[in-house]
Every structure is written in C-alpha cells, then in structure tokens.
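Asks: Got a predicted structure plus its sequence, pasted below:
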Amino acid sequence: MAETLFSKIINREIPADIVYEDDLSLAFKDIHPQAPVHLLIIPKKRIATINDIAEDDRELVGHLFWVAGKLARDMGFDDEGYRAVMNCNEQAGQSVFHIHLHLLAGKPLGWPPYTDHPKQA
Ligand code: 5GP
C-alpha cells in the first residue's frame with residue numbers, strides 16, 4: 001500500500017503544526033483551514049478509507065473520536081460545538097488516502113456541508 005503525505009508527517013519527514021500525539025494517533029492543523037479551528041486527527045496505522053477499516057481497527061477508530069472530544073475540551077470549544085467528519089472516496093472529496101477526522105470549530109457550521117460537490121459548483 002503506497003504511503004501518503006500523512007505518513008511523512010507522522011515520520012517528521014515533512015513539517016506540520018502538531019497539536020496532539022499519542023502512541024496510536026496524531027492531530028495537526030489542516031494546511032487549508034475551512035474554519036478558525038481545523039484539525040486533522042489521524043491514526044498512525046495507515047488505513048486508506050472508511051471501507052478499509054477492519055474489525056480489529058474498531059478500537060483505533062473509536063480512539064480518534066476520543067481524541068476529538070479531548071481536544072475540544074482542552075481547546076475550550078466543547079460546549080460551543082464543533083464537527084468531526086471523515087470523507088470517503090472521491091464523491092465525498094477525500095483527497096488523502098489515509099483516514100482522517102476533520103475537527104472543525106470556531107464558527108457556525110452549515111449543514112449540509114455542500115449542496116453540490118465543489119467540483120460541480
Ligand atoms: P480530505 O479532502 O482527504 O478529506 O482531506 C485532506 C485534508 O488534508 C485537506 O483538508 C487538506 O487541506 C489537508 N492537507 C493536504 N495536504 C496537507 C499538508 O501537507 N499538510 C497539512 N497539514 N494538511 C494537508
């Protein structure tokens with residue numbers, strides 16, 4: 001399975017603004033933030049898409065949500081509200097094939113996120 005740039009961020013081969021790390025996961029600022037807070041929470045194990053999450057990965061994926069809640073509490077936007085979302089494959093706009101939770105906060109977030117895919121807009 002080919003590595004992605006997120007493996008390079010995990011291995012410190014390319015820089016990122018890392019805000020949290022533990023033995024299972026890493027969280028860093030998105031390079032093109034879509035909200036005042038836009039973090040990416042990734043497992044250190046490479047899983048390409050939601051479709052590739054194995055039974056054995058269930059605890060790891062749950063861990064990513066635990067990190068999201070911890071960061072929200074630590075950064076003080078837990079009560080105000082936020083979004084934790086994961087895109088899967090092209091129609092959802094996935095561009096990096098190493099699963100990642102987008103953690104967005106700091107402004108009112110519209111729903112649905114897109115009326116049309118940006119490529120069609
Ligand atoms: P996706 O579109 O796959 O759901 O999300 C990929 C995210 O990775 C995008 O929001 C994009 O801005 C972010 N991204 C792409 N390249 C880099 C990079 O080199 N560094 C960081 N920090 N974020 C990146």
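Replies: Thanks, I have the structure now. Owing to the predicted nature of the structure, the values given are computational and were not obtained by experimental measurement. Numbers count the residues shown, from 1 in each chain.

Asks: need the residues of this structure near the ligand, please.
Replies: 5, 16, 28-32, 40, 87, 93-96 (CB under 6 Å from any ligand atom). (Glycine included, C-beta is placed from N, CA and C.)

Asks: Output the residues you listed in a markdown table; the columns should cover secondary structure.
Replies: As requested, the residues of the chain next to the ligand are exported to a markdown table (DSSP: H, G, I helix; E, B strand; the rest coil):
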| residue | secondary structure |
| --- | --- |
| 5 | helix |
| 16 | coil |
| 28 | strand |
| 29 | strand |
| 30 | coil |
| 31 | coil |
| 32 | coil |
| 40 | strand |
| 87 | coil |
| 93 | coil |
| 94 | coil |
| 95 | coil |
| 96 | coil |
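
Asks: Buried among those? Make that a ChimeraX selection.
Replies: Buried subset of the residues of the chain next to the ligand, written as a ChimeraX selection, criterion 16 or more other CB atoms under 10 Å:
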select :16,28,30,40,87,94
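
Asks: Return the closest of the residues of the chain next to the ligand with respect to residue 116.
Replies: Ranked by distance to residue 116 (CB to CB), the residues of the chain next to the ligand are led by residue 93 at 11.5 Å.

Asks: Does the closest one touch residue 87 like I think?
Replies: Yes. Assessed by CB atoms under 8 Å, residue 93 is found in contact with residue 87 at 5.0 Å.

Asks: hmm, back to that, mind picking the two most distant members of the residues of the chain next to the ligand?
Replies: Maximum distance among the residues of the chain next to the ligand (CB to CB): 20.3 Å, for 16 and 93.
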